[in-house]
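Engineer: With the input below, show me the fold.
(3 chains)
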Amino acid sequence: MNILPAAFYQRPTLTIARELLGKTFFRHFGGRLLSGRIVEVEAYHQSGDESSHSFRGRGTRNDVMFHAGGQLYVYFTYGMHFCMNVVTEKEGVGAAVLIRALEPLEGIDLMRLHRGEEKRDRDLASGPAKLCQAFGIGREENGLALDGTLVGIADAPKIPSHGIIITPRVGISRSRELPWRFFLADSPWVSSGRPSRPI
DNA sequence: CAGTCGATGTACT
DNA sequence: GTACATCGACTGG
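Structural biologist: Numbering: from 1, shown residues only, chains lettered A, B, ... in the order given. I've put the predicted structure just below:
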């Protein structure tokens, strides 16, 4: 297994967002391995992106987003959900890629235990808060290095551009015009019910 | 299928 | 107070 090195993450955020599609996110959980193929992401950047948590500067909540690329940025939202980002760029920049959907690969029984026994496979990780629940990601995982010790992303062949759909991001009100959502065109595992109109 | 809406903690005006 | 990078339950067609 080829784990993406820190240098992979310390590059332009939009490039990384696109390249993360098709790669495998994994985490160790209680002696088990949980993994999923990344099928949907969104980019967030400090400069020119009013919807980014980093737009108004560095603080206690978003501090990890300003770290050097290669860590997890996990935040709590809507009073009950966690969302997981991959921090990008150099120390001090304030950018990240939100993981919006995963295709479950290993540890599906454990994911279902976390999500609810009645859930269908397609409801296990087809949304940013769903996948955090399935993988047991919360406050404790904020700032973890993606070096493969506890969490990491394994490399996979590059997805050709015709296999990727680019749209505006989901669930934001500011900077809506930016086409910074990327997902696999033929994947049944992406989050549903929201803008899927290609640009 | 699509649309609406309540839940519920935290940061910000 | 209000907004929030969401989800699931519910409604009507």
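Engineer: element containing the residue lying farthest from the centre of chain A?
Structural biologist: Here the centre of chain A is the reference, and by CA atoms, centre = their mean the most remote residue is residue A:118, at 24.7 Å. Secondary structure assigned from DSSP states H and E places residue A:118 in neither a helix nor a strand.
Engineer: Would you mind measuring from it to DNA strand B?
Structural biologist: 17 Å (CB to the nearest atom of the strand, to the nearest Å). From N, CA and C alone the C-beta is placed, and that goes for glycine too.
Engineer: Tell me the pLDDT of that residue.
Structural biologist: Here, the pLDDT recorded for residue A:118 equals 94.
Engineer: what about the residue lying closest to residue A:98 once chain neighbours are set aside, which SS state?
Structural biologist: Closest residue to residue A:98 apart from its sequence neighbours, by CB to CB, 6 or more residues apart in numbering: residue A:42 at 4.5 Å. Three-state call for residue A:42 (DSSP: H, G, I helix; E, B strand; the rest coil): strand.
Engineer: Report the contact partners of residue A:64.
Structural biologist: Each residue near residue A:64 by CB atoms under 8 Å, 6 or more residues apart in numbering is listed here: A:71, A:72, A:73, A:87, A:142, A:143.
Engineer: Filter those down to just the buried residues.
Structural biologist: A:71, A:72, A:73, A:87, A:142 (16 or more other CB atoms under 10 Å).
Engineer: Which parts of chain A are helices?
Structural biologist: Taking DSSP state H as the criterion, chain A contains helices spanning A:6-9, A:13-20, A:108-115, A:128-135.
Engineer: Give me the buried positions along the first one.
Structural biologist: Meaning helix A:6-9. Neighbour count says helix A:6-9 has A:8, A:9 buried, by 16+ other CB under 10 Å.
Engineer: got the residues of chain A near DNA strand B?
Structural biologist: A:56, A:59, A:60, A:61, A:76, A:77, A:78, A:79, A:80, A:193 (CB under 7 Å from any atom of the strand).
Engineer: Most neighbours among the residues you listed, please name it.
Structural biologist: Within the residues of chain A next to DNA strand B, most neighbours by other CB atoms under 10 Å means residue A:76, with 15 neighbours.
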